[in-house]
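Asker: Quick check, what structure comes out for this input:
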Amino acid sequence: MADPKRIKLFRNIGIIAHIDAGKTTLTERILFYTGRSHRMGEVHDGTAVMDWMEQEQERGITITSAVTTCRWRDHEIHLIDTPGHVDFTMEVERSLRVLDGAIAVFSAVDGVEPQSETVWHQADRYHVPKIAFVNKMDRVGADFANTVTQIRDKFKTIPLPLQIPIGMESDFRGVIDLISMKRILWLDETLGAEFKVEEIDSELRAAAEEAREDLVAKLGEFDDDLMERYLGGQPVGAEELCAVIRRLTIELKAVPVLCGTALKNKGVQPLLDAVADFLPAPVDVPAIEGENPATGAIEKRNCDEREPLAALAFKIFMDQGRKLTYLRIYSGVLQVGSDILNVSKGTREKVSRIFEMHANKRERIERSGAGNLVAVLGLKTTTTGDSICDPAKPLLLEPVDIYEPVISVSVEAQTRSDQEKLFDSLAKLSEEDPTFRFSESADTGQIIVSGMGELHLEIVLNRLARDYHVNVNAGKPQVVYRETIGRKSAGTAVFDREIGGARNFAQVQLNISPRQRGLGNTIVNQVRDASIPEIFFPAIEQGIQDALGSGTLAGYPVVDVETSTLSGVFQDGVSTELAFRVAASMAFRNTFEQGEPVLLEPCMLVEILAPDEALGVVIDDVNMRKGKIENITARKAIQVISAVVPLSKMFGYSTALRSATQGRATFTMHFSHYDLASQ
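Answerer: Numbers count the residues shown, from 1 in each chain. Predicted structure coming up:
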């Protein structure tokens, strides 16, 4: 049995940021300084430990979240390095769902970028406390104060700078720690592993004292004792400051901010100290809550090995044909050979092996307890978001939110051998990645694969060839549209057919109303007479669900409608569940066609960074693409253009933008909302 005091030394954290802010480089330094790795891997060399997939090494980006464990100051840190590219946001989402804390990395040059905002808000949604690390302090244009201001303004939070940089840009050589009031200088000849802690020199003393006074004043607003000491001119010790900072961080009222340059090996050890000092242990966050499937009551499980087992599957990975299931254990103990219950699926599973993971390397263990992140072999039916529990004490946990794909391509196998393996391989890829979907078109027989963006689909099809040895020809990217109605309508359908020698009869009358954009679908039962027996209501709902899967305009899924069942006709002895299911589906289609159906297309929030002289060209191009300019702000010599543009108009934009600006402009985009399709 693990000592409960030991759990207090666990830290389950993720590293989150915009693409190219330096997450993986920072992770490599963390692994080196904690002794987990004996050399520093570099992203640009393709040698980063955490970017172990071939595609990650070739492209220099993180594609899949990687889990590792390292130790610092007696603390056991379970660390997830997440992707920064918007196409792989799902990897961040499912990681944050199971983490207790996060390090948000920002570029000192670029400040708060679009994907930084996305992952920050994802962390807020799961109430994940954060530490901010302002990276790339050695780069030209680095501005620590400006980044802190952006964190305050864009996230409406209280940043707490715990350091001030010594030197800027190429002259950056260390930091002043405002808690201990010491200066820290890193030794280049030791790759940053060693550093000097010294008294603050006279030329920086005044600035450091002013910054510390600001810090104490900010903290005093949340702590009466501290404010009293501050106003009374009494000295405030490091321990007192740390206690208040930790409390405010865990309560999500403030964010400690540190700085450094991971690539030049400066600033990482104080960041690790901050993880230990300020981010929560599993026992510091509220007990996990879930629904008892038998009673419907909400129950809590404390992070304690003496409690019944409760865990969440947050990631699936196929490793050489074997299925690895990553679990966050919230309570209880998981042991090799134990029988467990998948509450989400209602199936029993057996744990054949448990691993502590280090990127793609595994270390076998016999048991693991509350507060841990582990990978398990042997779970056949478990998928992302499933709840794993003690069979005698089931608990259904909140699942992971799954994003809907916005882009699709058609694929066809190159050979008969490829054709035979194609569906099985696609099924394995979609089990790994819930934002990747595939289907076979009933009309054309084509296989359609869908994902979060062009890069996402490119990576998946590349993996199909490399990992599963299935080669396909892919068509041009197509937008995944949606359908809805423009006005309220009502309709009826009758199903009366002989099947297998028995008559099946049902009549259903429906009403369909448009809902506000983004609210999704809802199904309401408004049958107030006895025209349809209650036993057939589930069949009617299933028939409506079937029809919602493909509209009558172009076969795209239907969204944002309310469907009400008004009445029907039932005949004793011949009305069946099948008849009511089919009649409901037919009635929906009839009613939908009368409701002035329209196409909806995905619109993307695009942020373009362009030099001043290219501003006019970029705006003209956005307008030509039927985009709407939302905002233009200046960032030194760069203009930041925010716009909403239909996805259908964004194909090939990367090449067009480079050509129009001589390669000096960059852009990022992510899904915003569905709106009426442009003509």
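Asker: Could you check how far the most centrally placed residue in the chain is from residue 17?
Answerer: By Cα atoms, centre = their mean, the chain has its centre lying nearest to residue 93, at 1.8 Å. Here the criterion is Cβ to Cβ, to the nearest Å. By it, residue 93 lies 15 Å from residue 17. C-betas here are computed from N, CA, C, even on glycine.
Asker: Over to residue 208?
Answerer: 28 Å.
Asker: Regarding the chain, what is its longest strand?
Answerer: The single longest strand within the chain, with elements called by DSSP state E, is strand 597-611.
Asker: Any idea how many residues pack against the closest residue to residue 651 other than its chain neighbours?
Answerer: Distances taken as Cβ to Cβ, 6 or more residues apart in numbering put residue 477 closest to residue 651, at 6.0 Å, once the chain neighbours are dropped. By the measure other Cβ atoms under 10 Å, the count of residues near residue 477 is 20.
Asker: Verify the contact between residue 477 and residue 648 for me.
Answerer: No. Taking contacts as Cβ atoms under 8 Å, residue 477 lies outside contact range of residue 648: 9.6 Å.
Asker: returning to that earlier point: show the pLDDT at the residue nearest to the centre of the chain.
Answerer: pLDDT recorded at residue 93 is 83.
Asker: where's it relative to residue 467, distance?
Answerer: Note on residue 93: its distance to residue 467, by Cβ to Cβ, is 23 Å.
Asker: Okay, now the sheet partners of the longest strand of the chain, with direction.
Answerer: Sheet pairing for strand 597-611, assigned by DSSP bridges, gives strand 482-485 (antiparallel), strand 638-646 (antiparallel), strand 666-676 (antiparallel).
Asker: can you tell me the average pLDDT over it?
Answerer: For strand 597-611, the mean per-residue pLDDT is 89.
Asker: Which other helices and strands does the helix or strand following that strand contact?
Answerer: Once the chain leaves strand 597-611, the next helix or strand it forms, by DSSP states H and E, is helix 615-624. On a contact count with 3 or more Cβ pairs under 8 Å, 6 or more residues apart in numbering; DSSP states H and E, helix 615-624 meets strand 597-611, strand 628-635, strand 638-646, helix 653-660.
Asker: Dump the C-alpha coordinates for the first one into CSV.
Answerer: By that I understand strand 597-611. Provided in CSV are the C-alpha atoms of strand 597-611 (Å, rounded to 0.1, in the frame of the first residue of the first chain):
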residue,chain,number,x,y,z
PRO,A,597,-33.3,22.9,-45.9
VAL,A,598,-29.9,24.8,-46.2
LEU,A,599,-26.3,23.9,-46.3
LEU,A,600,-24.0,25.0,-43.4
GLU,A,601,-20.2,25.2,-43.9
PRO,A,602,-17.4,25.3,-41.3
CYS,A,603,-15.9,28.8,-40.8
MET,A,604,-12.4,29.1,-39.5
LEU,A,605,-10.9,31.7,-37.2
VAL,A,606,-7.7,32.8,-39.0
GLU,A,607,-4.9,34.8,-37.5
ILE,A,608,-2.4,36.2,-39.9
LEU,A,609,0.9,37.8,-38.9
ALA,A,610,2.2,40.0,-41.7
PRO,A,611,4.7,42.9,-42.1
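Asker: residue ranges with poor pLDDT in the stretch 301-450 of the chain?
Answerer: 441-445 (pLDDT under 70).
Asker: for it, what spans make up the helices?
Answerer: Under the criterion DSSP state H, counting those that start in this stretch, helices of the stretch 301-450 of the chain are mapped to 416-432.
Asker: quick one: the strands in it?
Answerer: Along the stretch 301-450 of the chain, the segments classed as strands by DSSP state E, counting those that start in this stretch run 310-319, 322-331, 333-335, 339-342, 347-350, 353-358, 361-365, 367-369, 373-377, 387-389, 396-397, 407-413, 437-440, 447-451.
Asker: residues near residue 131, how many?
Answerer: For residue 131, the neighbour count with other Cβ under 10 Å is 23.
Asker: ok, now residue 178?
Answerer: Neighbours of residue 178 under the rule other Cβ under 10 Å: 22.
Asker: pretty sure it contacts residue 215?
Answerer: Yes. Contact criterion Cβ under 8 Å: residue 178 and residue 215 qualify, at 5.5 Å.
Asker: Please enumerate the shared neighbours of the two.
Answerer: The contact sets of residue 178 and residue 215 overlap at 161, 162 (Cβ atoms under 8 Å, 6 or more residues apart in numbering).
Asker: three-state assignment of residue 574?
Answerer: Three-state assignment for residue 574 (DSSP: H, G, I helix; E, B strand; the rest coil): coil.
Asker: got a list of what it touches?
Answerer: The contact partners of residue 574, by Cβ under 8 Å, 6+ apart, come to 502, 503, 504, 505.
Asker: do residue 639 as well
Answerer: With Cβ under 8 Å, 6+ apart, residue 639 has these contacts: 609, 610, 611, 612, 615, 618, 632, 633.
Asker: Residue 402 now?
Answerer: With Cβ under 8 Å, 6+ apart, residue 402 has these contacts: 90, 384, 385, 434, 435.
Asker: Show me which pair in these is furthest apart.
Answerer: Using Cβ to Cβ, the contacts of residue 402 span at most 12.4 Å, a distance reached by 385 and 435.
Asker: When these two are compared, which one has more neighbours?
Answerer: residue 435 (23 against 19).
Asker: Report the contact partners of the residue nearest to residue 119 when sequence neighbours are not counted.
Answerer: The spatially closest residue to residue 119, leaving aside those adjacent along the chain, is residue 16, at 4.1 Å (Cβ to Cβ, 6+ apart). Each residue near residue 16 by Cβ under 8 Å, 6+ apart is listed here: 23, 82, 92, 96, 102, 103, 104, 105, 119, 120, 122, 123.
Asker: Specify which residues of the stretch 451-600 of the chain, grouped into ranges, have pLDDT under the cut-off.
Answerer: For the stretch 451-600 of the chain (pLDDT under 70), the answer is none.
Asker: which stretches of it form strands?
Answerer: With DSSP E, counting those that start in this stretch as the criterion, the stretch 451-600 of the chain has strands spanning 472-474, 478-479, 482-485, 489-499, 502-514, 522-525, 561-569, 597-611.
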